[in-house]
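Asker: No sequence on hand, only this structure:
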């Protein structure tokens, strides 16, 4: 008798047209994973009757509450669509400034890109965006490099070269283009999307299918260790499960092939300044999705209930100064940008997690015969100081993906 093997299983998803419209056919996407577990547990309620035989009279089964968890290694382009649904805004192509005249100059360990006319702010550039110079007769050392914006005015973008290499100073390069690389999503102020997905667990060994429809992405947990692979864990909440003997999401697109992200490659900004002492970071984005209330006469909930979107996490840092402690002690807000690339090349694919306003809620140290590490938990909040034609986004979190 054949036994299903995890190595042969395919986890596939496809966006639905709406609630109750389970997806089928081609157009799905196979998910890269270290593990995927979907299940449909019902509510249970055991009888508490007291009878003469002094034994249980059984258990009742109620509303079915399907849910899933996908664990994986974070890579560019792989989870962008699902993360955008969690943020409630589709990934959109990054903004650009074309036909500009740009001067590049050193500014300490950073560089300034000064334009002769026009405005980076009105064009829509933001602190935390990774950009590239993609057109203009620049020195080869300046073109197609990942540049993280760390400060921004109308005419001056101060950038950090993500892989740590140097730019070359040059003046008044005409017909230049500066573009935000890839696509970007953020939690919007209005016009929130409400995406539903069909997930299929296909077991080719047995020719068996499990279809989980009306699933919504409820939470994402991202982990960026100082050494090791970046990881992601996605939780979904749905309405129905259907068992079958034929594959439903047929001819899906194969898994992405981008490299896995490692936090040793990239730049971390705290309070707008690059820091080199951070030893790891975790970010949890929680859409507070849950099954709606049951109704009499149905063992399936009628929809998925969403709450406000909350973001929290922590980062650890070597205790080599009091800058972070001062921020915590002052109870002031700060910002956190995590730009992580797949390797150390100048134009490597990347993912950026941008939290424009967070508040540190602790600074617990460890101890031992080693460098002292402090843990800084945080809670994010909407950045009331950002918005259109301003230097930061008016959101709680933004995600940029170069391969989306």
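Answerer: Structure's in. What do you need? Treat the numbers as computed from the prediction; the structure is a model and nothing was measured.
Asker: how is the chain carved up into domains?
Answerer: 10-38+65-91+186-401, 95-181 (automatic domain parsing).
Asker: how distant is the first one from the center of its chain?
Answerer: Relative to the centre of its chain, domain 10-38+65-91+186-401 is centred 4 Å away, using Cα atoms, centre = their mean, to the nearest Å.
Asker: Equivalent analysis for the last one, please.
Answerer: In this view, domain 95-181 has its centroid 25 Å away from the chain centroid, taken as Cα atoms, centre = their mean.
Asker: what's the first-to-last distance across it?
Answerer: Using Cα to Cα, to the nearest Å, one end of domain 95-181 lies 8 Å from the other.
Asker: what pLDDT, on average, does it get?
Answerer: The average pLDDT for domain 95-181 rounds to 97.
Asker: quick one, helices of this structure?
Answerer: Along the chain, the segments classed as helices by DSSP state H run 80-87, 120-123, 323-329.
Asker: Any chance of a markdown table for those helices, columns distance to residue 254 and mean neighbour count?
Answerer: In this view, the C-beta of every residue, glycine as well, is placed from N, C-alpha and C. Output for the helices of the chain, formatted as a markdown table (distance: least, Cβ to Cβ, whole Å; neighbours: other Cβ atoms under 10 Å):
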| stretch | distance to residue 254 | mean neighbour count |
| --- | --- | --- |
| helix 80-87 | 15 | 23 |
| helix 120-123 | 36 | 18 |
| helix 323-329 | 43 | 16 |
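Asker: Out of those, the one nearest residue 364 is which?
Answerer: Minimum separation from residue 364 across the helices of the chain (Cβ to Cβ) falls at helix 323-329, 10.4 Å.
Asker: what does that closest one contact?
Answerer: Here helix 323-329 makes contact (Cβ atoms under 8 Å, 6 or more residues apart in numbering) with 270-271, 317, 334, 360-363, 374, 376.
Asker: Could you pick out which of those residues are located in strands?
Answerer: Within those, residues falling in strands by DSSP state E are 270, 317, 334, 360, 374, 376.
Asker: need the domains of the chain in a markdown table with distance to residue 54, can you?
Answerer: Shown next, in a markdown table, are those (distance: least, Cβ to Cβ, whole Å):
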| stretch | distance to residue 54 |
| --- | --- |
| domain 10-38+65-91+186-401 | 31 |
| domain 95-181 | 66 |
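Asker: between those, which one is nearest to residue 48?
Answerer: If you check each of those against residue 48 by Cβ to Cβ, domain 10-38+65-91+186-401 wins as the nearest, at 20.1 Å.
Asker: quick one: strands adjacent to the strand ranked longest in the chain?
Answerer: Taking DSSP E as the criterion, the chain has its longest strand at strand 208-225. Strand partners for strand 208-225, identified by DSSP bridges, are recorded as strand 197-203 (antiparallel), strand 231-237 (antiparallel), strand 240-244 (antiparallel), strand 278-286 (antiparallel).
Asker: Name the nearest residue to residue 348, sequence neighbours excluded.
Answerer: residue 341 (4.1 Å; Cβ to Cβ, 6 or more residues apart in numbering).
Asker: ok so, going back, residue 309 is nearest to which of the helices of the chain?
Answerer: Nearest to residue 309, of these and by Cβ to Cβ, is helix 80-87 at 7.4 Å.
Asker: What average pLDDT does that closest one get?
Answerer: pLDDT averaged over helix 80-87 gives 98.
Asker: Begin at 2 from now on, thanks
Answerer: All set: I'll call the first residue 2, so the last point we hit is now helix 81-88.
Asker: Can you tell me what sits against it?
Answerer: Outside helix 81-88, the residues that touch it by Cβ under 8 Å, 6+ apart are 14, 16, 30, 91-92, 184, 186-188, 194, 196, 198, 217-221, 235, 286, 288, 310, 398-400, 402, 404-405.
Asker: Report the angle between it and strand 279-287.
Answerer: Taking axes from the mean of the first three to the mean of the last three Cα atoms, to 10 degrees, one finds helix 81-88 and strand 279-287 inclined to each other by 60 degrees.
Asker: So for stretch 24-35, what gets flagged as buried?
Answerer: By 16 or more other Cβ atoms under 10 Å, the buried positions in stretch 24-35 come out as 24-25, 29-34.
Asker: Roughly how far does the residue nearest to residue 320 when sequence neighbours are not counted sit from residue 367?
Answerer: Leaving aside its sequence neighbours, residue 320 sits nearest to residue 373 (Cβ to Cβ, 6+ apart; 4.3 Å). Noted for residue 373: a distance of 7 Å to residue 367, by Cβ to Cβ, to the nearest Å.
Asker: returning to that earlier point: from the contacts of helix 81-88, list just the buried residues.
Answerer: For those, buried by 16+ other Cβ under 10 Å: 14, 16, 30, 92, 184, 186-188, 196, 198, 217-221, 235, 286, 288, 310, 398-400, 402, 404-405.
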